[in-house]
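Fold the following and give me the result.
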Amino acid sequence: MAEPSSVLLAVDLGSARVGVAACDAGRVLAYPVTVLPAGEDLPDRVAALVDELGAGELVVGYPLALDGTAGIAAAHVVTQAEALAARVGVPVTLVDERMSTAEAHRKLRAAGRTAKTARRVVDAQAAVGILESVLCALAAGRTVGQRVEAKHG
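Just a heads-up that it's a prediction; the model follows:
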C-alpha cells in the first residue's frame, strides 16, 4: 500500500456505472465521491480524481466468486485495472470485493432508501465498502490485495 498518510481512492467497476470512494489522509473515514459512467474515457476520469484528491493509491474491487475463484467478471476487471494502472500514475491494487454491492444495498435499505433512489448511489456505496475493508485490514496490520501492473496497448 501507498504511504500510510496518503488518501486512498477506491473504485467499484461495473458494466454501466463505476462507483468511486475515498478516505481521508489519516485513513480513518471512507466516503462516497461519485458515480461515473463506464466507458473508454474512464481511465482519464479516474486519473483526474486521483489528481484532484491527491490519492497515493487506487484500490479496485476484484469480484471473486463466493468460493474465491476468479471468473469472467474478475478477468474483465483485471483488464480494466491494467488500463487504469497505465493511466493514473499511482499504484493500483486489486482487493476482494465479494458481497460489497449486496452489503451496500442492505445499508441503503436500512437508511430508508428505496430501490429506485438507491440505484443512483449504490455503486459509490459499494466502493465505500471496499475501501472500509482495506482500512480495517490496514488498521489491523494486515496487507491486502494484489498489485496490478500497467498494460500498455
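
Give the partner strands of the helix or strand containing residue 61 in its sheet and their orientations.
According to DSSP states H and E, residue 61 maps onto strand 55-62. Paired neighbours of strand 55-62 in the sheet (DSSP bridges): strand 7-13 (parallel), strand 92-96 (parallel).

Could you say which of those is packed most deeply?
Highest mean neighbour count among the strands paired with strand 55-62 (mean count of other C-beta atoms under 10 Å): strand 7-13, with a mean of 27. Every C-beta, even on glycine, is put in place using the N, C-alpha and C of the backbone.

Extract the CA atoms of it and return them as PDB.
Written as PDB, here are the backbone C-alpha positions of strand 7-13 (Å, rounded to 0.1, in the frame of the first residue of the first chain):
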ATOM      1  CA  VAL A   7      -5.500   9.300   0.500                       C
ATOM      2  CA  LEU A   8      -6.700   6.000  -1.000                       C
ATOM      3  CA  LEU A   9      -9.200   6.100  -3.800                       C
ATOM      4  CA  ALA A  10     -11.400   3.000  -4.400                       C
ATOM      5  CA  VAL A  11     -13.500   2.100  -7.500                       C
ATOM      6  CA  ASP A  12     -16.200  -0.500  -7.900                       C
ATOM      7  CA  LEU A  13     -16.100  -1.200 -11.600                       C
END
